[in-house]
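Chemist: Build me a structure from this.
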Amino acid sequence: MSSLSAKELSTLSENIKAWGKALGFQQVGICDVDLSKHEDKLQQWLNKGYAGEMTYMSEHGMMRARPAELLPGTIRVISVRMDYLPPDAKFAHNLKSKEQAYISRYALGRDYHKLLRSRLKKLGEKIRTECEDLNFRPFVDSAPVLEHAIAEKAGLGWTGKHSLTINKEAGSWFFLGELFVDIPLPVDQAVQENCRDCTACITICPTQAIVEPYVVDAKRCISYLTIEQKGAIPEEFRPLIGNRVYGCDDCQLICPWNRYANITDEQDFHPRASLQGKELLDLFAWDEVTFLKKTEGSAIRRIGYERWQRNLAVGLGNAPYSEEIVNALALALTNSSSLVAEHIRWALLQHQEKQSATEDNTKRTTLRLIRSIQKGLPRDA
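Modeler: The predicted structure is shown next:
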């Protein structure tokens, strides 16, 4: 426990926010560790099976809502926000171009985990220069932490109906990180919820994964299906995934608060040329060595080459009919794992149906043309 006076703690709190911004965080807030009001909702979410294959969500029990159990002695959490919206994002273009792969905005640049964790560690070390007996630990998706509940309580924003944190001046295109500390810093005020009657994110979700306001069934979410799902993607969701091969941004794209989002200055978050706006076929042609090279330092690498190919096969199955796509899929089928092969066969079936539909449309068009010509001919012709 710190021996600093209330005035000294208040000054330290202001310094922490200034140091955080100097380290590249756009916002820094502080809250206590009482997250008990979230425990029932978390348990209900788990009981309904909304976590899918993410067993780590339940493995630690209610520790996720009890920071002091995760790091004994913790009495405050410093929550930070770092914007990641890249310049020239081309959201609509990438989604409308069905032959191109859509990759979630956050994954186009360098993996954020190490960057944020390193900056949080520096922040902790800076605080220790003013408070020698400080114990701290940084977290960035690395432990059972209710980061959105913490961000809300620390005043960084409110939890939107899509379950992400929204900031009135910055939208939701940002990463969150936490620094657990054992000093009684003054806490910030929680932000008032501002979604009101808006249900745009619920309506736009391609798979209707937001089953009720503030509740997401991960098993239906495209981000989960393309990243966390280890096995086959259920057939009912494959057509709905479209060309989204890693993650999904639809609920954020439609959110009216994102008109206020800021472009990031972090070069590490800027899109890699090898990933942005690339044709599905070009990415599908990568072998595993190329995949590992092109995704070095990227969040995409965590899903591995097999799931990458699985996702691309689904994207190719949803693309407009093309002999080139059919040939590429058929060629890859012979050397693919059983998981990827299942999705390739599904994709080939989609193209077979598209080809048949095209031929039927051509026949109908030809018949209409013949009938039209016949109607215009003289009776004695």
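
Chemist: Identify each buried residue in the one helix or strand K41 maps to, please.
Modeler: Per DSSP states H and E: K41 is located in helix 39-47. Within helix 39-47, the residues scored as buried using 16 or more other Cβ atoms under 10 Å are L42, W45, L46. (C-beta placed from N, C-alpha, C; glycine too.)

Chemist: following the helix or strand bottoming out on mean pLDDT in the chain, which helix or strand comes up?
Modeler: Lowest on mean pLDDT, DSSP states H and E among the helices and strands of the chain sits helix 91-96, with a mean of 68. Going down the chain from helix 91-96, the next helix or strand is strand 102-103, by DSSP H and E.

Chemist: That next one - which strands sit beside it in the sheet, and in what orientation?
Modeler: Here strand 102-103 has these sheet partners by DSSP bridges: strand 244-246 (parallel).

Chemist: Work out the gap between the next helix or strand after the partner strand and the centre of the chain.
Modeler: Scanning forward in sequence from strand 244-246 by DSSP H and E, the next helix or strand is helix 250-253. Chain-centre distance of helix 250-253: 10 Å, with Cα atoms, centre = their mean, to the nearest Å.

Chemist: same thing with stretch 284-293?
Modeler: The chain centroid and the centroid of stretch 284-293 are separated by 22 Å, computed with Cα atoms, centre = their mean.

Chemist: in it, what's buried?
Modeler: Within stretch 284-293, the residues that count as buried by 16+ other Cβ under 10 Å are F284, W286, F291.

Chemist: Output it as CSV, restricted to C-alpha atoms.
Modeler: Extracted C-alpha coordinates of stretch 284-293, given in CSV (Å, rounded to 0.1, in the frame of the first residue of the first chain):
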residue,chain,number,x,y,z
PHE,A,284,-5.0,-18.5,-51.9
ALA,A,285,-1.9,-19.1,-54.0
TRP,A,286,0.4,-18.6,-51.0
ASP,A,287,2.1,-21.7,-49.7
GLU,A,288,2.8,-22.0,-46.0
VAL,A,289,6.3,-20.5,-46.2
THR,A,290,4.9,-17.4,-48.0
PHE,A,291,2.0,-17.2,-45.5
LEU,A,292,4.5,-17.2,-42.5
LYS,A,293,6.7,-14.6,-44.2
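
Chemist: Check what contacts it and list those residues.
Modeler: With contact meaning Cβ atoms under 8 Å, 6 or more residues apart in numbering, stretch 284-293 is reached by K294, R301, Y305, W308, Q309, L312, A313, L316, A328, A332.

Chemist: ok, 7 Å please
Modeler: Residues outside stretch 284-293 that contact it (Cβ atoms under 7 Å, 6 or more residues apart in numbering): K294, R301, Y305, W308, Q309, L312, L316, A328.

Chemist: Next: stretch 196-214.
Modeler: 159-163, 216-217, 220-222, 237, 240, 250-251, 254-256.

Chemist: ok, which stretches of the stretch 151-300 of the chain are helices?
Modeler: Along the stretch 151-300 of the chain, the stretches classed as helices by DSSP state H, counting those that start in this stretch are 200-204, 222-223, 238-241, 250-253, 280-284, 288-294.
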